[in-house]
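Colleague: Sequence unavailable; structure follows:
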């Protein structure tokens, strides 16, 4: 049986965590903390999401459910932080309340367009709740550790017995967090997770569409980006293209909220804010909104920055809202 590994990360990991290096060491996915309850927003979330995408990882977000606030209030905060095209997992453990709150929050999120493919609810917390039925909730993302010693990911995985995959509450375990003390790419401790299947099967579990033909590694990239509110997309910039563009039918609008350039792994800066877009802050990341109206502005190319040290971005991360699909082009 195929097995793939991934990480779950938050602001508890510092800036020295190199997700590109983790990807090279075999971590295929990253589940990134976005916030908690109805007020806390993880300050590392936007940058970590962009870094994981740039590293080629399959990505999802997670949100720590808190019992001190209603499902409505928590869903509202999630809606202001997490893009609706990003799979969102709920983290239900100490201080999260009961399964009834989880059911209400899952239903609310799904009604608002979110995919909720996994539920992190450890076996010990399920027992603490009185071992209730979890039927109808997403598949389990469970956790159980053989020990707490720091070690390489393969060493930690070799200690995991098959019994750790046993389901509970009427649900199967789809993802297993098997250690909180893995060392990956020289960084420790890290939460490491396993999925019994292929990368493609894991992406399908999260609700991603099947991958089409691979993008060519040349100086031109054309992608169709979907309509939606507060979405994020990455535009690869292989080679040394000079510009990136957005195209839409005349009369339609694209609201560009945030632009960041992804730099090569050997560059001193991981990300460079897009000039004219990313100088403000609304609590979810740098943001200075700009609206492009295609029957009046007819926006031309946006120059890709080149830096005195020779650094050339390898990708453009754009956060936007649009009522109709449109085309992004780099070349």
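Modeller: It's in. Being a predicted model, the structure only gives us computed values, none of them experimental. Residues are numbered from 1 along each chain as shown.
Colleague: What are the boundaries of the helices in the stretch 101-250 of the chain?
Modeller: Per DSSP state H, counting those that start in this stretch, the stretch 101-250 of the chain carries helices over the ranges 123-128, 153-158, 199-206.
Colleague: In CSV: those helices, plus distance to residue 246, mean pLDDT and mean neighbour count.
Modeller: To be clear about C-beta, it is placed using only N, CA and C from the backbone, and glycine gets the same treatment. Shown next, in CSV, are the helices of the stretch 101-250 of the chain (distance: least, Cβ to Cβ, whole Å; pLDDT from 0 to 100; neighbours: other Cβ atoms under 10 Å):
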stretch, distance to residue 246, mean pLDDT, mean neighbour count
helix 123-128, 45, 98, 14
helix 153-158, 40, 91, 16
helix 199-206, 26, 96, 17
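Colleague: Out of the ones you listed, which gets nearest to residue 34?
Modeller: Set against residue 34 and scored by Cβ to Cβ, the helices of the stretch 101-250 of the chain come closest in helix 199-206, at 14.8 Å.
Colleague: Contacts for that closest one next, please.
Modeller: Helix 199-206 has contacts (Cβ atoms under 8 Å, 6 or more residues apart in numbering) with 2, 4, 6, 28-29, 58, 60, 87, 115, 117-118, 139, 174, 195, 197, 210-211.
Colleague: And the closest residue to residue 177 other than its chain neighbours, how far from residue 122?
Modeller: Of all residues not flanking residue 177 in the chain, residue 143 sits nearest, at 3.8 Å (Cβ to Cβ, 6 or more residues apart in numbering). In this structure, residue 143 and residue 122 are 5 Å apart, going by Cβ to Cβ, to the nearest Å.
Colleague: swap in residue 18?
Modeller: Distance from residue 18 to residue 122, by Cβ to Cβ: 28 Å.
Colleague: try residue 53
Modeller: Residue 53 is 28 Å from residue 122, where distance means Cβ to Cβ.
Colleague: could you give the mean pLDDT of the helix or strand containing residue 7?
Modeller: In this structure, residue 7 sits in strand 3-9 according to DSSP states H and E. Summarised as a single mean, pLDDT over strand 3-9 is 96.
Colleague: Tell me which strands it pairs with, and in which orientation.
Modeller: Sheet pairing of strand 3-9 (DSSP bridges) gives strand 27-36 (parallel), strand 187-196 (antiparallel).
Colleague: out of those, deepest packed?
Modeller: Comparing those by mean neighbour count (mean count of other Cβ atoms under 10 Å), strand 27-36 comes out on top with a mean of 24.
Colleague: chain center to the very next helix or strand once past that strand, what's the gap?
Modeller: The first helix or strand that comes after strand 27-36 along the chain, using DSSP H and E, is strand 40-41. The chain centre lies 16 Å from the centre of strand 40-41; the measure is Cα atoms, centre = their mean, to the nearest Å.
Colleague: Include mean pLDDT and distance to residue 169 when you put the strands paired with strand 3-9 into CSV, please.
Modeller: Formatted as CSV, the strands paired with strand 3-9 follow (pLDDT from 0 to 100; distance: least, Cβ to Cβ, whole Å):
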stretch, mean pLDDT, distance to residue 169
strand 27-36, 97, 21
strand 187-196, 97, 19
